[in-house]
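# coords below, sequence missing:
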């Protein structure tokens with residue numbers, strides 16, 4: 001079961017990264033070009049929110065069924081996990097940072113809905129989506145992606 005969830009989580013991550021990249025660049029382009037916020041911009045930012053939340057749910061399931069998640073902490077103890085960089089990445093850093101990235105996307109999306117002016121909508125999306133993208137890129141297990 002965990003291999004199926006791992007497969008889904010790994011390949012859904014490509015979609016998440018692509019959509020968050022698109023949403024971030026769209027928000028930055030709209031902000032700097034002082035463009036009017038439209039339906040396309042709404043859909044792009046909403047799609048980034050949705051795919052990110054789905055990825056977090058898949059990741060949380062994986063965290064509890066995979067031997068690299070909570071089972072690793074239970075078997076080795078937190079001290080041993082923290083001393084090993086690979087174990088620490090999968091059991092602590094990756095899940096925590098990715099959840100934090102999803103929180104930033106959620107905050108950015110929520111904040112932009114409260115804004116009335118296009119410039120302020122793009123500003124909220126730009127700030128929070130960029131932070132989320134940087135966080136995601138910092139804790140992707142790149143050695144497994146290539």
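Arrived safely, thanks for sending. For clarity, every value in this text was computed on a predicted model and none was experimentally measured.
# contacts, neighbours, all on C-alpha from now
OK.
# I'd assumed residue 91 was in contact with residue 72.
Yes - between residue 72 and residue 91 there is a contact at 7.1 Å, judged by Cα atoms under 8 Å.
# out of the two, which sits in the more crowded spot?
residue 91 (23 against 20; other Cα atoms under 10 Å).
# any residues in contact with both of residue 72 and residue 91?
Counting by Cα atoms under 8 Å, 6 or more residues apart in numbering, the common neighbours of residue 72 and residue 91 are residue 81.
# how far does the lowest-mean-pLDDT helix or strand in the chain sit from the chain's center?
Here the helix or strand of the chain ranked lowest by mean pLDDT, DSSP states H and E is helix 142-145, holding a mean of 76. Distance of helix 142-145 from the chain centroid (Cα atoms, centre = their mean, to the nearest Å) equals 16 Å.
# go on, stretch 5-24?
8 Å.
# show me the contact partners of that stretch.
Contacts for stretch 5-24 (Cα under 8 Å, 6+ apart): 44-45, 47-48, 51-52, 55, 58-59, 61-62, 125-126, 129-130, 133, 136.
# and the longest helix that the chain contains, which residues are buried?
The single longest helix within the chain, with elements called by DSSP state H, is helix 2-33. Across helix 2-33, burial judged by 16 or more other Cα atoms under 10 Å covers 5-6, 9-10, 12-13, 16-17, 19-21, 23-28, 30-31.
# following it, which helix or strand shows up next?
Next in sequence after helix 2-33, counting helices and strands by DSSP states H and E, comes helix 39-65.
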